[in-house]
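Q: Structure of the sequence below:
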Amino acid sequence: MRRMKLSGAMLAASCIAQVLAAPPDPVAWKLQPVSAPVKAGARVTVKLEAMVQEGWHLYSLKPMAEGPIPTRIWIAEGQPFNLAGSIQAPEPQVMQDPSFGMEVELYEGEAVFTLPVGVAASAAAGQQKLVVSTSYQSCNAKLCLPPKTVKAELSLTVSK
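A: Now for the predicted structure:
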């Protein structure tokens, strides 16, 4: 009984050490600036960049049954912007993932997603904040962090 408690405690300590050794978030997200003003009622292309720390990866936008959690990108309601078409994603790496026992699509290093953003015709002129939300899961060769949702913000100048 004592041996079971000791091995259980050692296993728990090992798991905690792995989680503590993981970076707080191995993926940094940012929206690339748009230099020109955008017209109310028009569309603008915005790029969302994911910088993934070495040794880590995140999964593509493609849902996979019984597989990892895919990356999801959206623009929440309540702002003068909306997603005005399909998100263009870079070509993912395809590899066999032993954790899932299947072929998966993932990104390492850097991935830039192109978002077609519609500007509401009723958008007020001046500085407006675009907020893009992203949910994703990052993993390395030893562990996967819990899924996370982050927001990236960009100030756009709207003209009439």
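Q: so where do the helices sit in the protein?
A: 2-21 (DSSP state H).
Q: how about the strands of it, start to end?
A: Here the chain has its strands, by DSSP state E, at 27-31, 38-39, 43-52, 57-59, 72-75, 81-83, 93-97, 102-107, 110-119, 126-136, 138-139, 148-159.
Q: Which among these is found nearest to residue 66?
A: Of all these, it is strand 102-107 that lies closest to residue 66, at 7.3 Å by Cβ to Cβ. Every residue, glycine included, has its C-beta placed from N, CA and C.
Q: Report the mean per-residue pLDDT for that closest one.
A: The average pLDDT within strand 102-107 is 94.
Q: which residues sit against it?
A: Residues outside strand 102-107 that contact it (Cβ atoms under 8 Å, 6 or more residues apart in numbering) are 50, 52, 57-60, 62, 64, 66-68, 71, 90, 92-97.
Q: Show the buried residues in those residues.
A: Buried residues within the contacts of strand 102-107, counting neighbours by 16 or more other Cβ atoms under 10 Å: 50, 52, 57-60, 64, 67-68, 71, 92, 97.
Q: and of those, the nearest to residue 114?
A: Nearest member of the buried ones among the contacts of strand 102-107 to residue 114, counting by Cβ to Cβ, is residue 50, at 12.5 Å.
Q: Can you tell me how far the residue lying closest to the closest one once chain neighbours are set aside is from residue 98?
A: Residue nearest to residue 50 in three dimensions, not counting chain neighbours: residue 111, with 4.6 Å by Cβ to Cβ, 6 or more residues apart in numbering. Taking Cβ to Cβ, to the nearest Å as the measure, residue 111 falls 22 Å from residue 98.
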